[in-house]
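Asks: sharing a sequence plus its predicted fold:
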Amino acid sequence: GENPFNQLEAEWKGVLNPLRAAADEQGHATPFVEHVLALPDLTISPDQASYQGQPRLRILDHGDLTAFEKWWAVRFSDRQLMCTPEEARRLFNGLYAASAPDEATSHTLDFAESVLEKHTRQRFEVLDALEENSQLLVSGGPGTGKTWLAIEQARRWAKQGRRVLFLCYNLELETYLRPVCRRASSRIEIFSYESLAAHLLGDIRRASEMPSEEATAYFEQTLPSLLHAHVSAPGYQPPYDALVADEAQDHNTGAAGSPLGLAGWWSIYFGLLKEGASAPVAIFHDHAQRLSLRAGAFEPAALRDSLLQPVNLRLRHPVRYTRQLRRFISRLKCPATQDLIRDFQGTLPLPDGPEPEIHSIAPHEEGAKCAQIAKEWIDKGLAKCHEIAVLYPSSRTPPAWIGKIHGISFIDTSALSSAANPKSNIQHPSSSASIVCFSINRAKGLERRAIILTGLPAWEECANNDYQARTFVLGATRAQQLLAITSKNINA
């Protein structure tokens, strides 16, 4: 056969030449690439300068492999870096990272899912490093693993015998996470803002039963005052040992002169803890994901001032997306979204997946198109019904077509949620043969393998509107692997 040293030289040039061309295109030096032939069954004398006419430095023998770290240190100790590690990583990922096949399969997506899960679990090391700290303020953008870190922290405190209040904001996230928390520990009790209010006060009013302005006043002012009075009443016995809050940016802090003080709603939550603001708390938030139309405000500084000795941590770089989704989302740039996507240029190697689908449709085609997309994903084995969600802009105007279309059943879960009955057995999406539909704001903190984003204009139009741009990005960042966007074209 062909001389193995000739093969080695050819393979080395096959790697080096594309790297050199890519480096020239990007305007930096080519990284150094060593090439050796491994002969593990051969032992060459240390004083032998060559072997069969080849320089000794081109051979990795049994002794070199046995003391590989020493060999590596000697071989590379005098090498000057020609480019930065980040530049080299970018070059190799661009040229040699495994690409998704033209026709993605369930196997490729399952593999990607396992990689994403591994990245998320590796992030748990953050909690290991902070285990001596009992008060954490953690910020991070979409896909950085905040929700799963929150669950893990709650599980750890529950394992220590603590009764943990796990708090989120919307009912959709509560419904999705309740079985997750139940599996983690019976000592974790999860509530959304509304269901916590119903749990403490009994029946409360529902937003869908009130005009928009009246609902805002009730949930942002009246209800917090009633809750604060409840936990401040003489003789009230706080039931919880620790608090974990996810999507905390949607829970208002206060302002100077506020009846609830600078802590705002958080004075209620601290009132539920046996040790008050000195108790173990882990608060996960992303100020950029708070929609601009919300009343009130969330100021992390107000929380820091209210706690005893909090540790601040910023999570950077997403861990829950494919490379194709990260690339797509990182291009959704405008002044309104710069904070949302500021960490999407991370260097963490992510798995490959299908490219996002963009569809321009006539308004009357929306339902049929969503059904077609979902059916293709299901028929190809790319996603099951419970792994797909349809997101639309506003909970007050759900799509009229939601129902059964072309054999696919869609269900608006907001119609099932009931703050007045927070303990009701709402069917969890994973046990349903239907595809869930809900508003983008209600999807915060949630993620699905597959997302269909519908009802918004094309990105080029959304980018000129602060609210629409942020809503578009929030919706797109709910997808882990499959994303389809249907934008209405009124001229179609």
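Replies: The structure has been received and is ready for your questions. Numbering: from 1, shown residues only.
Asks: longest helix anywhere in this protein?
Replies: helix 4-26 (DSSP state H).
Asks: other residues contacting that one?
Replies: 29-31, 33, 35-37, 54, 58, 83, 87, 90-92, 94-95 (C-beta atoms under 8 Å, 6 or more residues apart in numbering). Glycine gets a C-beta too; all of them are placed from N, C-alpha and C.
Asks: mind saving the C-alpha coords of it as PDB?
Replies: Listed next in PDB are the C-alpha coordinates belonging to helix 4-26 (Å, rounded to 0.1, in the frame of the first residue of the first chain):
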ATOM      1  CA  PRO A   4       2.000   5.900   5.600                       C
ATOM      2  CA  PHE A   5       4.300   8.900   5.900                       C
ATOM      3  CA  ASN A   6       3.200  10.100   2.400                       C
ATOM      4  CA  GLN A   7      -0.400   9.600   3.600                       C
ATOM      5  CA  LEU A   8       0.300  11.600   6.700                       C
ATOM      6  CA  GLU A   9       1.800  14.500   4.700                       C
ATOM      7  CA  ALA A  10      -1.200  14.500   2.300                       C
ATOM      8  CA  GLU A  11      -3.700  14.500   5.200                       C
ATOM      9  CA  TRP A  12      -1.800  17.300   7.000                       C
ATOM     10  CA  LYS A  13      -1.900  19.500   3.900                       C
ATOM     11  CA  GLY A  14      -5.600  18.600   3.500                       C
ATOM     12  CA  VAL A  15      -6.300  20.100   6.900                       C
ATOM     13  CA  LEU A  16      -3.800  23.000   6.700                       C
ATOM     14  CA  ASN A  17      -4.700  24.400   3.300                       C
ATOM     15  CA  PRO A  18      -8.400  25.000   4.100                       C
ATOM     16  CA  LEU A  19      -7.400  26.500   7.400                       C
ATOM     17  CA  ARG A  20      -4.900  28.800   5.800                       C
ATOM     18  CA  ALA A  21      -7.500  30.000   3.200                       C
ATOM     19  CA  ALA A  22     -10.200  30.500   5.900                       C
ATOM     20  CA  ALA A  23      -7.700  32.400   8.100                       C
ATOM     21  CA  ASP A  24      -6.700  34.700   5.200                       C
ATOM     22  CA  GLU A  25     -10.400  35.400   4.600                       C
ATOM     23  CA  GLN A  26     -11.000  36.300   8.200                       C
END
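Asks: quick one on the thing from earlier: just the buried residues out of the contacts of helix 4-26, in ChimeraX syntax.
Replies: Selecting the buried subset of the contacts of helix 4-26 in ChimeraX, with 16 or more other C-beta atoms under 10 Å as the burial test, is done by:
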select :30,31,37,83,87,90,91,92
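Asks: so which of the contacts of helix 4-26 sit within strands?
Replies: 37, 54 (DSSP state E).
Asks: and the furthest pair within the contacts of helix 4-26?
Replies: For the contacts of helix 4-26, the farthest-apart pair by C-beta to C-beta is Q54 and R90; their separation is 33.4 Å.
Asks: so how far is E214 from A479?
Replies: 35 Å (C-beta to C-beta, to the nearest Å).
Asks: report the central residue of this protein.
Replies: G143 (1.9 Å; C-alpha atoms, centre = their mean).
Asks: picking that back up, any buried residues in the longest helix of the chain, and which?
Replies: Quick answer for helix 4-26 (16+ other C-beta under 10 Å): 5, 8, 19-20, 22-23.
Asks: one more: stretch 269-283?
Replies: 269-273, 277, 279-283.
Asks: save those as TSV, and put in distance to P238 too.
Replies: Listed next are the buried residues of stretch 269-283 as TSV, based on distance: C-beta to C-beta, whole Å:
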residue	distance to P238
Y269	10
F270	9
G271	6
L272	5
L273	5
A277	12
A279	9
P280	13
V281	13
A282	18
I283	18
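Asks: neighbouring contacts of the helix or strand where W157 lies?
Replies: Secondary-structure element containing W157, defined by DSSP states H and E: helix 146-159. With C-beta under 8 Å, 6+ apart as the test, helix 146-159 has contacts from 120, 123-124, 126-127, 131, 136, 138, 140, 164, 166, 177, 180-181, 184-185, 187-188, 241-242, 244-247, 280, 282, 284-286, 315, 445, 447.
Asks: pLDDT of stretch 53-60, averaged?
Replies: Mean pLDDT, stretch 53-60: 88.
Asks: output it as CSV, nothing but the C-alphas.
Replies: Only the C-alpha atoms of stretch 53-60 are listed here, as CSV (Å, rounded to 0.1, in the frame of the first residue of the first chain):
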residue,chain,number,x,y,z
GLY,A,53,14.5,7.6,6.8
GLN,A,54,11.9,9.7,8.7
PRO,A,55,12.7,12.3,11.3
ARG,A,56,12.1,11.1,14.8
LEU,A,57,9.8,14.0,15.6
ARG,A,58,7.3,12.7,13.0
ILE,A,59,6.7,9.6,15.0
LEU,A,60,4.7,9.0,18.2
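Asks: mind listing what's buried along that stretch?
Replies: Within stretch 53-60, the residues scored as buried using 16+ other C-beta under 10 Å are 59-60.
Asks: one more: stretch 157-176?
Replies: 157-158, 162-176.
Asks: and those, which of them are in helices?
Replies: 157-158, 171-176.
Asks: for R75, see how far away A301 is.
Replies: For A301 relative to R75 (C-beta to C-beta), the value is 51 Å.
Asks: those two: which is more packed in?
Replies: Per other C-beta atoms under 10 Å, whichever of A301 and R75 has more neighbours is R75, with 14 against 10.
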